[in-house]
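Trainee: Just to be clear, the model below is a prediction. Sequence and coordinates:
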Amino acid sequence: MLKVVILAAGQGKRMRSDLPKVLHPIAGRPMLTHVIDTARQLGAARICVVYGHGGEQVRETLKALDAPDLAWARQEPQLGTGHAVLQALPALADPAVATVPATAVPLPPTFSTLVLYGDVPLIRAATLRRLIAAAGDTRLALLTAHLDNPHGYGRVIREGNANEGKVLRIVEEKDATAAERAIREINTGILVAPAAALERWLPQLGNRNAQGEYYLTDIVALAVAEGMEIVTTQPESAWESDGINSKAQLAALERIHQRNLAEALMEQGVTLADPARIDVRGVLTCERDVFIDVGCVFEGSVKVGAGATVSAHCVLKDCTIEAGARIQPFCHIDGATVGAQSIVGPYARLRPGAQLAEDVHIGNFVEVKNSTIAAHSKANHLAYIGDATVGSRVNVGAGTITCNYDGANKYRTVIEDDVFIGSDTQLVAPVTVGRGATLGAGTTLTRDAPPEQLTVSRAKQVSIPGWTRPVKQKKV
């Protein structure tokens, strides 16, 4: 059975930010969230996050992830990775003592403990499964990688300095000799150990090193001294084990992650104008033959139906775009549904509660909020439709707005089928426009408009003969 420790107590000074490092986003979510999600994919019986800097801000931000499998342990002060894992042992053993200061709590010897890092967000579950399998019940398994530039990483020291030799220990770069720094095999920090052995080793760690910390990596030498077999595996891609310590590294991993998401979309049959210019900050689900142009951002949960088009520089959040719909450039769609074969934009905004049926046209600089618009209706220019129920085959003229808010309360406008609304019309809710009615341009509607009739509300037109336009006076 597997239990997981996620180390997330670091301050992240190089981020130069008041936000705790593990809360900086990758694909719109805190990087720590990605690690917790990956741990859950492994079917871990229990996951303990060791937090420190940022304290309650970290817990508060991630409270939506709380569940019986997730525990928290505070590391205060931060005395190194070995000390951090020691704080997690009580929480791994018993949910009731998740916040109790660390003491050795016996774990069944059949448990294995996987150590992950909250600032290593792109580690794949498949890579970890191979590491867990290599460890079995009795071995210490290390995830290592071979880097052309291993600067900053701990080096794996093997017997005879051979690439396949027996692992003897790990030396941190600050404590390494010049010869050891030349080694290109690095320790990623991710490991799997028998829980009982880990509990035995951690209290033995010392801090006689350049940083005065209790290094988790020192358990390797303890395992060697006990005669335990040590095995290593490597990730398929080096970036899986990349940690984030600066804004530049954050940006680099963001692009790697987005490229991976883009490739997955293309494998599903989505056409991307440029895979390097798309941002998915949530879950994007696309059917076949979807086309997505450059600069689009997808947030939350977005579904795009077969044959739909999302043109350049659109932002879509928590919405559904049904089959064959066309989203023109520079649209913002949030919490809305766009029906099949509908056309939206350019420069349109659909706000939460906007529900468009099939073949609806929403044009440039039109905003729709908390409204349903039935099939074949259109509002092509400069309109606001808020808190309204719009029927089929309705034409909403340019400059039309529903006046749905009196400063304290909101009211609903009902526009029945086959209505024609002239330009520059204001509908002061609550009001109903009957089926087949026509509203003349410039009308301010404050009472219900009867069906099949023309309703006009405008001042009488007057022409004044002899009127002279004012002219600008010359300055003296």
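Mentor: Everything's here; your move.
Trainee: Tell me if I am right that residue 133 is in a helix.
Mentor: Yes: assigned with DSSP: H, G, I helix; E, B strand; the rest coil, residue 133 falls within a helix.
Trainee: What separation do you get for it and residue 112?
Mentor: According to C-beta to C-beta, to the nearest Å, residue 133 and residue 112 sit 11 Å apart. C-beta: built from backbone N, CA, C; applies to glycine.
Trainee: So between these two, which is more surrounded?
Mentor: Each of residue 133 and residue 112 has its neighbours counted (other C-beta atoms under 10 Å); residue 112 has more, 25 against 12.
Trainee: unless I'm mixing things up, the more buried one is touching residue 2, no?
Mentor: Yes: at 5.5 Å, residue 112 counts as touching residue 2 under the criterion of C-beta atoms under 8 Å.
Trainee: list residues touching both of the two?
Mentor: Both residue 112 and residue 2 are contacted by residue 132, under the criterion C-beta atoms under 8 Å, 6 or more residues apart in numbering.
Trainee: And the helix or strand bottoming out on mean pLDDT in the chain, what's buried?
Mentor: Within the chain, no helix or strand scores below helix 55-61, which has a mean of 89 by mean pLDDT, DSSP states H and E. In terms of neighbour count (16 or more other C-beta atoms under 10 Å), helix 55-61 has its buried residues at 58, 61.
Trainee: What of stretch 181-188?
Mentor: Those would be 183, 185-188, for stretch 181-188 by 16+ other C-beta under 10 Å.
Trainee: how about the CA coordinates for it, as PDB?
Mentor: Output in PDB follows, covering the C-alpha atoms of stretch 181-188 (Å, rounded to 0.1, in the frame of the first residue of the first chain):
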ATOM      1  CA  ARG A 181      30.400  17.900  -9.600                       C
ATOM      2  CA  ALA A 182      31.500  16.600 -13.000                       C
ATOM      3  CA  ILE A 183      29.000  13.700 -12.600                       C
ATOM      4  CA  ARG A 184      26.000  14.200 -14.900                       C
ATOM      5  CA  GLU A 185      23.600  11.800 -13.100                       C
ATOM      6  CA  ILE A 186      21.500  13.900 -10.700                       C
ATOM      7  CA  ASN A 187      19.100  13.100  -7.900                       C
ATOM      8  CA  THR A 188      15.600  14.500  -8.600                       C
END
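Trainee: what residues does that stretch touch?
Mentor: The contact list for stretch 181-188 (C-beta under 8 Å, 6+ apart) reads 120, 142-148, 150, 153-158, 161, 163, 170, 173, 217, 235, 241.
Trainee: buried subset of those residues?
Mentor: Buried among the contacts of stretch 181-188 (16+ other C-beta under 10 Å): 120, 142-145, 150, 153-158, 170, 217, 235, 241.
Trainee: Tell me the one of the residues you listed nearest residue 333?
Mentor: Of all the buried ones among the contacts of stretch 181-188, residue 333 sits closest to residue 120, with 33.8 Å by C-beta to C-beta.
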